[in-house]
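Novice: Predicted model and sequence follow; I will ask about them next.
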Amino acid sequence: MLDFPGHTDRIASIQQQFSAELKLAKRMFSSWMCRPIERWLYKSDLPGEVTGLSWMLNTQACRQFRSVVELCRIGEAENANALARGLFETVLASYFVLAPKFHIVVEPRRGKSPKRDVLKGKWHARVRHAGERCVTSRRKTRALLYMAHCVAQSVNVASTLSADHLARTGEELEPALDPRILSTAKNRIGRKWKYIQGHQPYTYSGLSVKGLADAAGHWFPDWYRIVYPDQSRHVHGVDPVSYVGRDKVSGQYQPAWFSNDLAIGCVLYCANMLFFSFTVCMNENVDMGNATEMLLDGYMDELKTIYGYAPVGA
């Protein structure tokens, strides 16, 4: 690919300006990649559905983190920010699966006012109210919910592509996924959750991202309220102003081929904090040994030194 004008100078400037942040990201990533994650998951007493899903989410988080940092390194903070939103949702999903307790209220849907009659056979999920007593769902149940949703998403995408191919060519595609897999996955979550996942908002938890962040508690609601909206601007392509800049000499607007320092610093902050939070979530719920605990304590101290306060998830 052709480099943007000023590529070499801008990359060198970023490397110098954000040396500490980039080096920390590199160390966190490299050390985590060298940890025997698979062995620890295999030896843990967590259900197989939970360990298998955690293993996949770990791979997902590692790839997302690396991509965000690499995009920042070459001056692409806006595109990195879009991907950082995905990293946040991966951390949230990991907490949903691994947390010892996670409260989501499942109750019957009701009709419209004034009677608000119970609608038989229709259910919905909601966030638990403050002080409300609620039975927490087991880790295995949450893992099954997540997997059922993922399988359904894959089947829906494959079905759409197959129908489009049939309409254009008159040929049927081989099924990408055995329909019995989806049927089994849905049966394992029960009729209530089967109904919930099949209706708005069509998510694995039955909640919106905001609702899931509220249900998770801790630092998740604040991140969703403060950081997530900015990340979403770049996901939805509604921030073209970020891609132009005003020339200081002529006063004319020109393409901004690279992100400014403020944007790069903010996204690197997000990436480092989110990946650290992911590793903490894994370590707290899977027995990874004293060496991992000491390693994370060291990275927490470095994050405090760079950013001036304790990282989220600490």
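Specialist: Okay, I see it. Residues are numbered from 1 along each chain as shown.

Novice: use CA for all of it now, contacts and neighbours both
Specialist: OK.

Novice: Name the residues that touch the longest strand anywhere in the chain?
Specialist: Longest strand in the chain, counting residues (DSSP state E): strand 118-127. With Cα atoms under 8 Å, 6 or more residues apart in numbering as the contact definition, strand 118-127 has outside contacts at 103-111, 192-193, 195-196, 205-207, 211-212, 214-215.

Novice: Show the buried residues in those.
Specialist: In the contacts of strand 118-127, burial by neighbour count holds for 103-106, 109, 192-193, 195-196, 205-207, 211-212, 214-215, counting by 16 or more other Cα atoms under 10 Å.

Novice: Between these, which sits nearest residue 285?
Specialist: Proximity of those to residue 285 (Cα to Cα) peaks at residue 103, which lies at 17.1 Å.

Novice: what about the closest one, distance to residue 212?
Specialist: As judged by Cα to Cα, to the nearest Å, residue 103 and residue 212 stand 10 Å apart.

Novice: One more: residue 194?
Specialist: Separation of residue 194 from residue 212 (Cα to Cα) stands at 18 Å.

Novice: three-state assignment of residue 85?
Specialist: Using DSSP: H, G, I helix; E, B strand; the rest coil, the structure places residue 85 in helix.

Novice: Touching, it and residue 228? I think so.
Specialist: Yes: at 6.6 Å, residue 85 counts as touching residue 228 under the criterion of Cα atoms under 8 Å.

Novice: So between those two, which is more surrounded?
Specialist: Using other Cα atoms under 10 Å, the more surrounded residue of residue 85 and residue 228 is residue 85, with 25 against 20.

Novice: Now, the buried ones among the contacts of strand 118-127 that are in helices?
Specialist: In helices, judged by DSSP state H, the following of the buried ones among the contacts of strand 118-127 are found: 192-193, 195-196, 211-212, 214-215.

Novice: For the longest helix seen in the chain, which helices and strands make contact with it?
Specialist: Taking DSSP H as the criterion, the chain has its longest helix at helix 139-169. Helix 139-169 sits against helix 48-73, helix 77-98, helix 179-197, with contacts defined as 3 or more Cα pairs under 8 Å, 6 or more residues apart in numbering; DSSP states H and E.

Novice: Please give the element, helix or strand, for residue 254.
Specialist: Here residue 254, judged by DSSP states H and E, is contained in strand 253-255.

Novice: Heading C-terminal from that strand, find the next helix or strand.
Specialist: Next along from strand 253-255, by DSSP H and E: helix 261-285.

Novice: For that following helix, give the mean pLDDT please.
Specialist: Computed over helix 261-285, the mean pLDDT rounds to 96.

Novice: Give me the angle between it and helix 48-73.
Specialist: On the basis of axes from the mean of the first three to the mean of the last three Cα atoms, to 10 degrees, helix 261-285 is oriented at 160 degrees to helix 48-73.

Novice: Quickly note the distance from the residue nearest to residue 95 when sequence neighbours are not counted to residue 60.
Specialist: Sequence neighbours aside, residue 281 is the residue nearest to residue 95 in space, at 6.6 Å (criterion: Cα to Cα, 6 or more residues apart in numbering). In this structure, residue 281 and residue 60 are 15 Å apart, going by Cα to Cα.

Novice: higher neighbour count, the two?
Specialist: With neighbours defined as other Cα under 10 Å, residue 281 and residue 60 compare such that residue 281 has more, 19 against 15.

Novice: show me the contacts for the more buried one.
Specialist: Residues in contact with residue 281, defined by Cα under 8 Å, 6+ apart, are 94-95, 98-99, 313.
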